[in-house]
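[1] Here's my sequence, what's the structure:
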Amino acid sequence: MAKKLLTAIAALFLLFCFAACGGNPETHTVTFRQSGYEDVVKSVEHGEELTDVPLPRPKEGYEVVWDRTNFASITEDLVVTAVETPVPADCTVTFRQTGYDDIVKTVKRGEGLAPADIPAVRQKDGYTCVWQTVDFSVVTEDIVIFAVETPNVYVIFFELQTDEILEAGGVEITQLSVQYGKPYQLPTPEKIGYAFAGWNVKDSETKFADGVYLTLGNVTLTPNWTPDENGGWTGEYPGIEFVTVTFRQSGFDDIIRTVTKGETLTDIPQPQPREGFTVAWDRTDFSNVTANIVVNAVETLVESEYRSVTFRQNGYDDIVKTVKLGETLTDIPNVREKTGYDVAWDHTDFTAIRENLVVTAVETPKTFTLTYEIDHLEGWLIEEDSWTQSVTYDAAFTLKLPVHLEKKFLKWVTKGTDETFVAGVWNFTEDVTLTAVWIESESWTGEYPGEQYVLVVFREAGYPDIVKVLDVGETLTDIPSVHEETGYNVVWDRTDFENVTENLVVTAIKTPKSYTITYEIDDKTGWLIDGDSWEQTVRYGEEFVLMEPAHLEKKFLKWIIEGTQEEFVSGTWNCLEGVTLVAVWEESESWTGEYPGEN
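    Got it, this is the predicted structure:
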């Protein structure tokens with residue numbers, strides 16, 4: 001009896017603890033976790049489907065997806081993690097043709113494949129071979145292009161004498177269209193007093209009979225005859241009882257129907273459909289058919305009521321606008337701005353739109369002015385007090401070289417600063433004025449025997465530039481030290497200074513150091529987290545949030561630094577070493593096990 005009573009009490013206690021901790025068997029949480037972002041938590045009823053699934057945050061150069069896609073019938077709490085898969089910087093375009101090795105071209109993702117890089121398709125006897133039609137202007141994924149091999153159509157011509165007859169239903173036959181590699185059947189001519197003995201290739205003894213057409217080109221045939229001992233053909237058709245109706249559509253085999261002469265053809269086939277066209281036979285009356293007929297399919301372009309205008313800009317998704325045929329498009333999207341460029345659409349007239357348009361953003365690099373100022377020095381050998389030079393954004397530029405009779409030119413600096421300015425690729429978005437810096441030199445002759453020196457500029461934020469002067473091709477050994485900064489690793493972004501042949505700007509890179517917070521729990525009885533400690537990585541100068549433990553019988557009060565009574569709270573990390581924290585608990589008989597808000 002006592003054992004049953006203890007079991008009941010334990011069960012009630014566990015039920016109380018579960019309720020106190022906010023447990024609800026009817027509701028579950030689905031936590032979406034992505035590195036570098038706060039968790040997104042969704043709630044869903046037990047057994048129901050979660051429909052409000054957030055999208056993972058995009059990451060440049062990666063494909064980002066959740067590691068779970070089925071959110072039907074949720075019966076437990078879930079943690080869904082974002083999986084980031086690197087996307088190759090290059091795409092492949094594979095050209096595939098039966099009987100040949102693939103030809104693979106590589107293109108940077110988002111760029112185009114130049115027409116000159118498209119390989120020639122291999123030609124095949126009897127066929128016209130072309131690549132599938134594909135837009136190569138912007139390639140965003142791997143593509144496989146197949147060769148389309150279309151059999152050529154050739155003509156068999158029949159050359160007869162005036163007493164030789166070749167006709168069907170009273171209609172003279174002079175030629176027959178055939179496809180390379182396809183079977184064909186030759187007609188039979190008639191000649192009074194003779195029996196037909198087959199066809200020959202004109203001006204040769206080569207026989208030509210029914211079969212598969214494998215001749216590369218057209219051919220002209222002439223008939224062979226043998227005298228008929230029974231008198232041969234009399235020139236009459238005793239009782240022609242049927243005629244043929246041939247239905248012909250480009251790209252498809254002929255469909256032939258037979259009907260008794262003078263009767264109505266009722267078994268009329270449907271023409272094959274073609275997207276964007278209406279297709280119909282050029283004859284609709286098939287009553288009283290008395291002769292062989294060829295019926296052709298007529299394809300008429302469907303005139304849509306609307307036209308599309310596609311706005312295309314490199315690096316962005318197309319924007320497609322729809323406008324009624326003949327009307328004016330007024331909802332013109334803005335081009336995206338690009339630093340250092342003037343960007344405009346290559347089409348500006350959107351009145352009376354009558355066809356689909358593709359409008360492309362044209363990016364024109366801006367032009368800026370570089371001004372050289374000389375402080376009116378005596379001995380300055382150029383008559384003007386300043387030069388100007390036009391430079392283009394993203395284009396390489398060189399600097400002019402001043403000359404003085406008594407001083408040697410050292411470098412250019414940006415006006416009003418000590419910042420050294422060197423040649424390179426222009427990436428400034430405004431005009432720049434430069435001032436010359438000279439070296440006193442009594443022995444200098446005032447001549448530069450060739451460009452014999454280069455500058456290496458060491459640049460660190462908050463400190464003046466350090467400039468080293470080298471002969472062209474010399475190795476720099478006197479490399480200055482970076483300035484140390486608390487909590488950061490600081491290094492130059494270049495370490496190789498051998499054979500310096502051009503001006504260089506070397507920049508100091510500052511990276512925050514990483515530290516570890518270790519969480520230790522002294523009183524582990526009732527501790528609700530598996531394991532005896534946690535670890536958390538933090539970075540100097542960055543925000544961090546402390547973890548929070550839970551206990552069945554006690555309420556968490558605060559974290560203190562191990563071995564002290566100093567409280568440690570969330571904030572910006574400015575410690576120069578890792579710390580170990582100990583949890584402080586508050587005895588509370590009345591505490592329910594819930595945290596009503598972050599109080």
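
[2] now for the helix or strand harbouring F247, which elements pack on it?
    Assigned by DSSP states H and E, F247 belongs to strand 242-248. Using 3 or more Cβ pairs under 8 Å, 6 or more residues apart in numbering; DSSP states H and E, the elements in contact with strand 242-248 are strand 255-260, strand 293-301. All C-beta spots, glycine's among them, are computed from the backbone N, C-alpha and C.

[3] and those as TSV, adding mean neighbour count and distance to P56?
    Formatted as TSV, the helices and strands packed on strand 242-248 follow (neighbours: other Cβ atoms under 10 Å; distance: least, Cβ to Cβ, whole Å):
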stretch	mean neighbour count	distance to P56
strand 255-260	14	54
strand 293-301	15	44
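
[4] mean pLDDT lowest for which of these?
    The stretch with the lowest mean pLDDT among these is strand 255-260, at a mean of 82.

[5] which residues sit against that one?
    The contact list for strand 255-260, computed with Cβ atoms under 8 Å, 6 or more residues apart in numbering, reads 241-247, 265, 267-269, 286, 289.

[6] Farthest-apart pair in those residues, please.
    Among the contacts of strand 255-260, the pair separated by the greatest distance (Cβ to Cβ) is E241 and P269, at 22.7 Å.

[7] and those two? which has more neighbours close in?
    Neighbours per residue (other Cβ atoms under 10 Å) separate E241 from P269, with P269 holding more: 12 against 8.

[8] Okay, now stretch 313-324: how far is its last residue from its first?
    24 Å (Cα to Cα, to the nearest Å).

[9] In it, which residues are buried?
    313, 321, 323 (16 or more other Cβ atoms under 10 Å).

[10] just for the chain, where's the confidence low?
    Scanning the chain with the threshold set as pLDDT under 70 gives 1-25, 168-170, 229-241, 276, 301-304, 374-386, 403-406, 441-453, 522-533, 588-599.

[11] what domains does the record give for it?
    24-86, 90-151, 306-365, 367-511, 514-587 (automatic domain parsing).

[12] And the helices in this protein?
    For the chain, the helices defined by DSSP state H cover 2-20.

[13] Just want the most central residue of it.
    Nearest to the mean C-alpha position of the chain, by Cα atoms, centre = their mean, lies T140 at 2.0 Å.

[14] picking that back up, tell me which residues in the strand holding F247 are buried?
    243-245, 247-248.

[15] Using JSON lines, please lay out the residues you listed together with distance to V579.
    Converted to JSON lines, the buried residues of strand 242-248 look like this (distance: Cβ to Cβ, whole Å):
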{"residue": "V243", "distance to V579": "102"}
{"residue": "T244", "distance to V579": "97"}
{"residue": "V245", "distance to V579": "95"}
{"residue": "F247", "distance to V579": "88"}
{"residue": "R248", "distance to V579": "88"}
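
[16] From those, pick the one nearest V469.
    R248 (84.4 Å).

[17] my guess is the closest one meets V294, correct?
    Yes: using Cβ atoms under 8 Å, R248 makes contact with V294 at a distance of 5.9 Å.

[18] tally of neighbours for C91?
    19.

[19] wouldn't it be in contact with V104 here?
    No: judged on Cβ under 8 Å, C91 makes no contact with V104 at a distance of 10.7 Å.

[20] Would you reformat the domains of the chain as JSON lines and include distance to D163?
    Shown next, in JSON lines, are the domains of the chain (distance: least, Cβ to Cβ, whole Å):
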{"stretch": "domain 24-86", "distance to D163": "78"}
{"stretch": "domain 90-151", "distance to D163": "36"}
{"stretch": "domain 306-365", "distance to D163": "57"}
{"stretch": "domain 367-511", "distance to D163": "82"}
{"stretch": "domain 514-587", "distance to D163": "103"}
